[in-house]
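Peer 1: using only what follows, build the 3D model:
(one chain, ligands or ions: 1)
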Amino acid sequence: MAGFDLSGKRAFVTGANTGIGQGIAIALAEAGADIVAVGRSAMKETCARVERLGRNCSEIIVDLSDMRAAVAALEDAWNSGGPIDILVNNAGMIRRADAIDFTEEDWDAVIDLNLKTAFFLCQAFARRALAAEREGRIVNIASLLSFQGGIRIPSYTASKSGLAGLTRLLACEWAAKSINVNAIAPGYIETNNTEALRNDEKRRTEILGRIPAGRWGQPGDIGGAAVFLASEAATYVHGVVLPVDGGWLAR
Ligand code: NAP
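Peer 2: Numbers count the residues shown, from 1 in each chain. Next up, the predicted model:
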């Protein structure tokens, strides 16, 4: 059986300083991968934890809202550190307001980071992988809002629904070229992204009451799915959006 070992692989993980990105970086390192931790904040804690696992960790500080800067970071990482095998598009943001009041600024900020940068990082990664005749794995971090509407988060829902569609499109274009494009749809995970929800006692309780697993998720709950999608075990898996949600969508 094809395994889950990622020894000798190198993963470029965006938003790896905290939350789900940090959980994924550590899980990939546990499976044997070296990590390029990318984002706008210092990656000190993530790199310390990766290095304690005996894996290499390099940090790139960049504002990923700027698509060109994001692509340049991937190019730099490839040119200076060698080929990248796994791209995890995890960095993302959310803005909350009623649709009736939603501003252009809140629309553009979320779409630019969650959708535009994610697409152009996929493109830059695939261009390099194809030119080098190397296999590649892309794992996009989607959301329950790739399947559902939600409320008060119009640009976030549009971005995550768009990311699910893009994941399928890119899988169709690249599956025969040995680049697997898949996504993970995390459920409700305890990170900065959901702080406002968790601070709202009514929403927190309503959400918890709907999760079959009976608890909110932790960043570490997402790591196993990322390892699977990055590994040999998922060689024939293309274009899926895999929910890791404590059963939320099954309800
Ligand atoms: P988080 O703790 O807020 O993490 C978001 C990450 O993106 C952080 O590393 C953040 O860096 C980074 N980031 C934001 N804006 C950036 C920018 N302009 N340039 C570079 N990096 C930037 O929340 P999270 O829950 O772990 O989110 C990770 C991903 O999971 C996001 O795509 C989110 O939409 C998705 N997701 C989360 C949940 C959930 O329940 N938590 C559910 C479904 C999907 P800073 O720390 O510097 O801000």
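Peer 1: quick check: nearest residue in space to G247, chain neighbours excluded?
Peer 2: Counting by Cβ to Cβ, 6 or more residues apart in numbering, G247 lies nearest to P212, which is 3.2 Å off, once chain neighbours are set aside. For the C-beta atoms, the positions are set from N, CA and C on the backbone; glycine is no exception.
Peer 1: again but with S7, I slipped
Peer 2: G32 (3.5 Å).
Peer 1: excluding its backbone neighbours, what's nearest K177?
Peer 2: L130 (6.2 Å).
Peer 1: surely the one you found is in a strand?
Peer 2: No. Applying DSSP: H, G, I helix; E, B strand; the rest coil, one finds L130 to be helix, outside a strand.
Peer 1: how much space between it and A73?
Peer 2: 19 Å (Cβ to Cβ, to the nearest Å).
Peer 1: which of these two has more neighbours?
Peer 2: Legend: neighbour count by other Cβ atoms under 10 Å for L130 and A73, higher for A73 (23 against 14).
Peer 1: separation between that one and L113?
Peer 2: 14 Å.
Peer 1: near the ligand, which residues of the chain?
Peer 2: Residues of the chain lying near the ligand by Cβ under 6 Å from any ligand atom: 15, 17-21, 39-41, 63-65, 90-93, 113, 141, 143, 186, 188-189, 191-194.
Peer 1: for C172, grab the count of nearby residues.
Peer 2: 12.
Peer 1: my read is that it contacts G239, right?
Peer 2: Yes. In terms of Cβ atoms under 8 Å, C172 counts as a neighbour of G239; the distance is 6.6 Å.
Peer 1: contacts only, for A131.
Peer 2: With Cβ atoms under 8 Å, 6 or more residues apart in numbering as the criterion, no residue contacts A131.
Peer 1: quick one: buried residues of stretch 129-138?
Peer 2: 129, 136-138 (16 or more other Cβ atoms under 10 Å).
Peer 1: before we move on, what about stretch 30-46?
Peer 2: 30-39, 43, 46.
Peer 1: can you flag which of those belong to helices?
Peer 2: Among the buried residues of stretch 30-46, the members falling in helices are 30, 46 (criterion: DSSP state H).
Peer 1: would you point out the most distant pair within the buried residues of stretch 30-46?
Peer 2: G32 and G39 (22.5 Å; Cβ to Cβ).
Peer 1: model confidence over the helix or strand harbouring I60, on average?
Peer 2: I60 belongs to strand 57-61 when elements are defined using DSSP states H and E. Across strand 57-61, the average pLDDT comes to 98.
Peer 1: tell me which strands and helices it is in contact with?
Peer 2: strand 34-39, helix 44-52, helix 67-81 (3 or more Cβ pairs under 8 Å, 6 or more residues apart in numbering; DSSP states H and E).
Peer 1: identify the residues contacting W78.
Peer 2: With Cβ under 8 Å, 6+ apart, W78 has these contacts: 84, 128.
Peer 1: separation between it and the ligand?
Peer 2: Applying Cβ to the nearest ligand atom, to the nearest Å, the value for W78 to the ligand is 19 Å.
Peer 1: and A118, what does it touch?
Peer 2: 89, 140, 163, 166.
Peer 1: report the buried members of these.
Peer 2: 89, 140, 163, 166.
Peer 1: hmm, back to that, JSON lines please, covering the helices and strands packed on strand 57-61 and showing distance to E59.
Peer 2: Output for those, formatted as JSON lines (distance: least, Cβ to Cβ, whole Å):
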{"stretch": "strand 34-39", "distance to E59": "5"}
{"stretch": "helix 44-52", "distance to E59": "6"}
{"stretch": "helix 67-81", "distance to E59": "10"}
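Peer 1: in CSV: the ones you listed, plus distance to G3 and mean pLDDT.
Peer 2: Formatted as CSV, the helices and strands packed on strand 57-61 follow (distance: least, Cβ to Cβ, whole Å; pLDDT from 0 to 100):
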stretch, distance to G3, mean pLDDT
strand 34-39, 18, 98
helix 44-52, 21, 98
helix 67-81, 25, 98
